[in-house]
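Trainee: Attaching a predicted model along with its sequence, questions to come.
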Amino acid sequence: MWNTIFPYLLTGISVGGQYALIAIGYTMVYGILRLINFAHGDVFMVAGIVMVYMAASGMPLWLCIPLVLIVTALVGFLIERIAYKPLRNAPRMSAMISAIGVSYTLQNLVLYITGGLNQLYPTIPWISDSVTIFGATTKMVTVVTPVLTILLVVALVALINHTKIGMAMRAVSRDFETSQLMGIKINSVISITFVIGTFLAGVASVLYFTNYTTVIQTSGAMPGLKAFVAAVFGGIGSIPGAVVGAFIIGIAENIIKGLDIILFKLGVIAAPIGLATFSDAFTFALLIVILAVKPTGLFGEKTTDKV
Amino acid sequence: MKKVFAIVLAMMLVLSAAAMAESVKIGVFEPASGDSGAGGKQEMLGMQYANKETPTVEIGGETYDVELIYADNGSDTTKAPSAANTLVDAGVSVVLGSYGSGVSIAGSDIFKNANIPAIGVTCTNPQVTAGNSHYFRVCFLDPFQGTVLANYASKELGATVAYTLGELGNDYDQGLCTYFKQAFEGLGGTVMHEDFPTGTADFNSYLTNAAGIGAQVFFCPVSIAYSTQIVQQAASQNVAFPILGSDTLDSNVVANAAKGTNVQVIITTFYQEGAAPEFDEGFKAWLAEDSEAMTNNGGNDMISAVSAMGYDAYYTALEALKAAGTTDSKAVMDTLPSVTYDGVSGHIEFDETGDAIRNAAFIKKINNETGDWEFVAEQTVD
Amino acid sequence: MNNSLNKKKADSATIISAVIVLLIYVAVFVAEQFIAPTSMLFTVLKKGATYALVAVSMNLLNGFTGIFSLGQAGFMLIGAYTYGVFTIPVAERLNVYQYYNGGLVQFVLPWFVAMLLAGLVAAFFAFLIGMPVLRLKSDYLAIASLGFAEIIRAVMQWDKLGPITNGSNMLRLFPAFNDFNIKNADGQVVVYLSTLIPMLIAGLCIGVIILLINSTFGRALKAIRDDEIAAEAMGIRLASHKRLAFCISSFFAGVGGAMLAMYQTTVQAKGFTTAMTYEILLIVVIGGIGSVTGSCLSSFLFVAASEWWLRFLDQKQMIGDFEVPLLRNGFRLVVFSIIIMIVVLFFRKGIMGTKELPDLIRGIGKKNKKGATAK
């Protein structure tokens, strides 16, 4: 029983960790701007592509990785300044549509640059090595991801709770106008939020693409959507919520992929019934159930309408 | 407003008709982006090389320039109809492609309504040509390929349990998996089949599933984008079973992915490097001098079978144009059934449904040390 | 903005608008008889008509009711499949359902019945989905409806439903737009109708939607959009109005899906992705959220630009001996997405804002503002 389920759990935790890093970007931006940044998944993909081209140019990997993270953060910063800032006083739907437009643009730009061909992600030593734990063989990155995710989240929570900029972020997410009146430079707070969010997406991209080594223009779409669902699931605006949600979704998705085999081995079903088809759909079903039961997600704050 | 469109369009038609003199257009209906983009590009390379080698054709006593007109169907059945329509609108005499059976079927009716014949290059699903008179193809079919692979798995590898994996909504994958299953079960084996949604990158759980049922062979006739992932993840999981694939895996990209690992990859394909040395040499020389072509070939000069097929398809189209004696697409369509051609991949002759009569497939495997494809056997089925 | 009050009687502007629409139909009919049927013009018109209907149906929710739903592709999928399943000729079923022994459904409905059914089935699913989803607030509703579209896509592809849906394989060989052409005994086309009829179907459906928008029900929806709480206080029942709007919108999305199936000649669940919903949303935005005329115009422009006018950007072009730089496969989409971003950022009201065709004519009539928003 344990031996059957463990490999799925392992993959699930690893994927979950990567989703978590992406989900934080969604949840932070939403917390402050009330904006679903649909382009976030594509920034994650762009980070992958930048890495491919940097490595191909012959730059050593130890230099590539920090550079990729910086470039990704810069991309996030620019997107906010170009596509979201002009719409700050427009209806919320406008900003969301702008986000969809950015997502569309990034995908098409990458399609153009790569010519639509799959790009092979460079092999990063050590984390690409095979390792065997409890009888399941996997890449080192699978083990590294959850640990790194937890570390980064702890650091981020400390930043938000114990620094001045963190306090500013919390204030802005509470009340946009009032915090402005209190002398908080709202634009720089928003920029920093985007920089942190995209930086983490950059870290996620290094981990994710080391595991799944092909990058194409659509590579960011599904992980992005899943991470977003994770953020909503955990209660959008809440960082611990996003992380917990991401792990749950990562694990659930992989269990579903293996559910036929698990049920079969347990003797529940006599023949496989093709449940793996629903690996993506299940994520969304889970989302709808949680929204129906608890509309603000697992850890979401209850909001009241101001009339 | 729309009246203006109509007038502008009418003018454009007149202009394009005037510019058409002395050149014959061949439509290239291939994916240049999307999941099958890499394969589509390699298929196009064969046509481009052939076009460079023979840029003119003698039709009815006159020499015509052959112009290749491209339309990217994006590996997407919803984009295929309008891509096909741009070719029709450009006034092509014959169409080559597409890589991927689904998009070929999706574009099929557009060509049919315009009376333009199409020559499938590597779309192996029977549905492409079945029941219509305008679609032809130069490759073998899935029932044949599936049977060859099942025979190999059962007789050569001694497998009794197989796991098959296909992409949801991909006619090519689904077809091959079904034919493989039929043949493999006919030989006394058992098969478990699963599907993954489009855009999947994480195949670990599917590999675990295969190990879970004790599969002795893992059959995944999926596009290059997915197969490279599968091969690499199989390598990191250290799987015990060999990976069996179809013609889509025959690409140096997949071979590169398996280089330096201990995953066995065995496939069936149309062409093996060395079968036509003159073509090999010329093709490689062309790649060496054209950097864009080299990039599209995955960065090295290994010849993919689809390139050889694209090359043969181009010449088959020229033969048809010569035989028709006109650039009129309807006439080309009527002559195509009787056209024969001896290509680098073998003799091409069409049967009554428009399929090339072929009864041999090459079996190749990857040499894990060098990252090259190695010839294993030539397999025939009666 | 609120001009519904002075639309009580058909004024001259409305009549002129009707005449313009009629003239467009006549022009299409004439063009179809004289221009080669393979021309891209007709592809654009057919696909444009389909997208116009779906865009207007989405606008009914997003623009007129203020429900931000992203489930359109899912309802189109249901419509397209319903249409396909019930219209494939029985003789062809063994071919299409090749892995399922010809499938379960062994009868055929006339195309218009199937199309109506497509809408009804989509509306029925909308009714079911609406129960949990419509209780949610803006963004949550968007993501939940998007999730439902993804679930529907997976269910349609499930192997076990294969005898009905053909699993993840294509549905094809059903009657398509080209079958509207009237042929003589030799199979020669006598009258071309393959573009006109889809445009008529779309026009008819959009006409119904316009009538709805201008009815009491439509005004109630606008009240909900402008202020839910105020609307409720005025006695509008939020839940039932929203649900009905959701079902009606889905009905027309379903019909649109059936039309898309006819346009494509094949249908496969794989293609109905969130990207399709985004595309339609962009059409609505470019046209102007809250304008039916805008949605129609922008569908045709969107389809024409992406499928036809900008195609040349994907090929190498020579001006004399000079090779234009940057042009290669994919450039079209880059240019296209930049245009979209410019519209989204700088022309937030879209082509029409919330204006309709008659408003424009009135504007011209007054000659005060020469229809500044028209161009």
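Mentor: Here it is on my side, so go on.
Trainee: residue contacts, the residue in the stretch 1-150 of chain C that chain A sits nearest to?
Mentor: In the stretch 1-150 of chain C, the residue found nearest to chain A is residue C:147; the distance is 3.2 Å by Cβ to the nearest Cβ. (Each C-beta comes from the backbone N, C-alpha and C, glycine too.) When the contact criterion is Cβ atoms under 8 Å, 6 or more residues apart in numbering or on different chains, the partners of residue C:147 are A:229, A:283, A:284, A:285, A:287, A:288.
Trainee: Which helix or which strand is home to it?
Mentor: Counting by DSSP states H and E, the element that carries residue C:147 is helix C:138-156.
Trainee: Equivalent analysis for residue C:207, please.
Mentor: Counting by DSSP H and E, the element that carries residue C:207 is helix C:196-213.
Trainee: From the chain's centroid, how far away is that helix?
Mentor: Going by Cα atoms, centre = their mean, to the nearest Å, the spacing between the C-alpha centre of helix C:196-213 and its chain's C-alpha centre is 11 Å.
Trainee: Would you confirm that residue B:267 belongs to a strand?
Mentor: Yes. The assignment for residue B:267 by DSSP: H, G, I helix; E, B strand; the rest coil puts it in a strand.
Trainee: what number of residues lie near it?
Mentor: Using other Cβ atoms under 10 Å in any protein chain shown as the criterion, residue B:267 is surrounded by 28 other residues.
Trainee: how close does it sit to residue C:323?
Mentor: 39 Å (Cβ to Cβ, to the nearest Å).
Trainee: tell me the secondary structure for the closest residue to residue B:234 other than its chain neighbours?
Mentor: Ranked by Cβ to Cβ, 6 or more residues apart in numbering or on different chains and with sequence neighbours excluded, the top spatial neighbour of residue B:234 is residue B:263, at 4.9 Å. Following three-state DSSP, the label given to residue B:263 is coil.
Trainee: Now for the residue nearest to the spatial centre of chain B: which residues touch it?
Mentor: Taking Cα atoms, centre = their mean as the criterion, residue B:122 is the residue nearest the geometric centre of chain B, at 2.8 Å. By Cβ under 8 Å, 6+ apart, the contact set of residue B:122 is B:39, B:43, B:99, B:139, B:247, B:270, B:305, B:306, B:309.
Trainee: after the host helix or strand of the last one, next one along is what?
Mentor: Element membership of residue B:309, judged by DSSP H and E, is helix B:305-324. Moving toward the C-terminus from helix B:305-324, the next helix or strand (DSSP H and E) is helix B:329-335.
Trainee: what residues are up against the residue nearest to residue B:312 when sequence neighbours are not counted?
Mentor: By the measure of Cβ to Cβ, 6+ apart, the closest residue to residue B:312 outside its immediate chain neighbours is residue B:343, 3.3 Å from it. In this structure, residue B:343 makes contact with B:138, B:308, B:311, B:312, B:315, B:316, judged by Cβ under 8 Å, 6+ apart.
Trainee: With pLDDT as extra columns, can I get those residues in JSON lines?
Mentor: Shown next, in JSON lines, are the contacts of residue B:343 (pLDDT from 0 to 100):
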{"residue": "B:138", "pLDDT": "92"}
{"residue": "B:308", "pLDDT": "92"}
{"residue": "B:311", "pLDDT": "94"}
{"residue": "B:312", "pLDDT": "94"}
{"residue": "B:315", "pLDDT": "94"}
{"residue": "B:316", "pLDDT": "94"}
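Trainee: what's the closest of those residues to residue B:378?
Mentor: Nearest to residue B:378 among the contacts of residue B:343 is residue B:308, at 14.9 Å by Cβ to Cβ.
Trainee: Surely that closest one is in contact with residue B:282?
Mentor: No. Under the criterion of Cβ atoms under 8 Å, residue B:308 makes no contact with residue B:282, lying 11.7 Å away.
Trainee: So between those two, which is more surrounded?
Mentor: Per other Cβ under 10 Å, whichever of residue B:308 and residue B:282 has more neighbours is residue B:308, with 31 against 16.
Trainee: For the more buried one, list the residues it contacts.
Mentor: Under the criterion of Cβ under 8 Å, 6+ apart, the neighbours of residue B:308 are B:46, B:270, B:271, B:276, B:279, B:343, B:344, B:345.
Trainee: Just the strands from chain C, written as ranges.
Mentor: The residue ranges that make up the strands of chain C, judged by DSSP state E, are C:171-172, C:182-183, C:189-191, C:266-267, C:318-319, C:322-323.
Trainee: helices or strands next to the third one in the packing?
Mentor: Pointing back at strand C:189-191 there. Counting by 3 or more Cβ pairs under 8 Å, 6 or more residues apart in numbering or on different chains; DSSP states H and E, the packing neighbours recorded for strand C:189-191 are strand C:182-183.
Trainee: same question, the fifth one
Mentor: Helices and strands touching strand C:318-319, as assessed by 3+ Cβ pairs under 8 Å, 6+ apart, are absent.
Trainee: ok, it: who's next to it in the sheet?
Mentor: For strand C:318-319, sheet partners with direction are given as strand C:322-323 (antiparallel), following DSSP bridges.
Trainee: same deal with the longest one?
Mentor: Each strand that pairs with strand C:189-191, with its direction, by DSSP bridges: strand C:182-183 (antiparallel).
Trainee: Quick check: closest non-adjacent residue to the residue sitting furthest away from the middle of chain A.
Mentor: The outermost residue of chain A, judged against the average C-alpha position, is residue A:270 (37.5 Å), by Cα atoms, centre = their mean. Taking Cβ to Cβ, 6+ apart, and ignoring the residues beside it in sequence, residue A:270 has residue A:264 as its nearest neighbour in space, at 8.0 Å.
Trainee: So the one you found: helix, strand or coil?
Mentor: Under three-state DSSP, the three-state class of residue A:264 is helix.
Trainee: Tell me who's in contact with it.
Mentor: Contacts for residue A:264 were tallied using Cβ under 8 Å, 6+ apart; they are A:270, A:271, A:272, B:213.
Trainee: Looking at chain A, which helix is longest?
Mentor: helix A:2-33 (DSSP state H).
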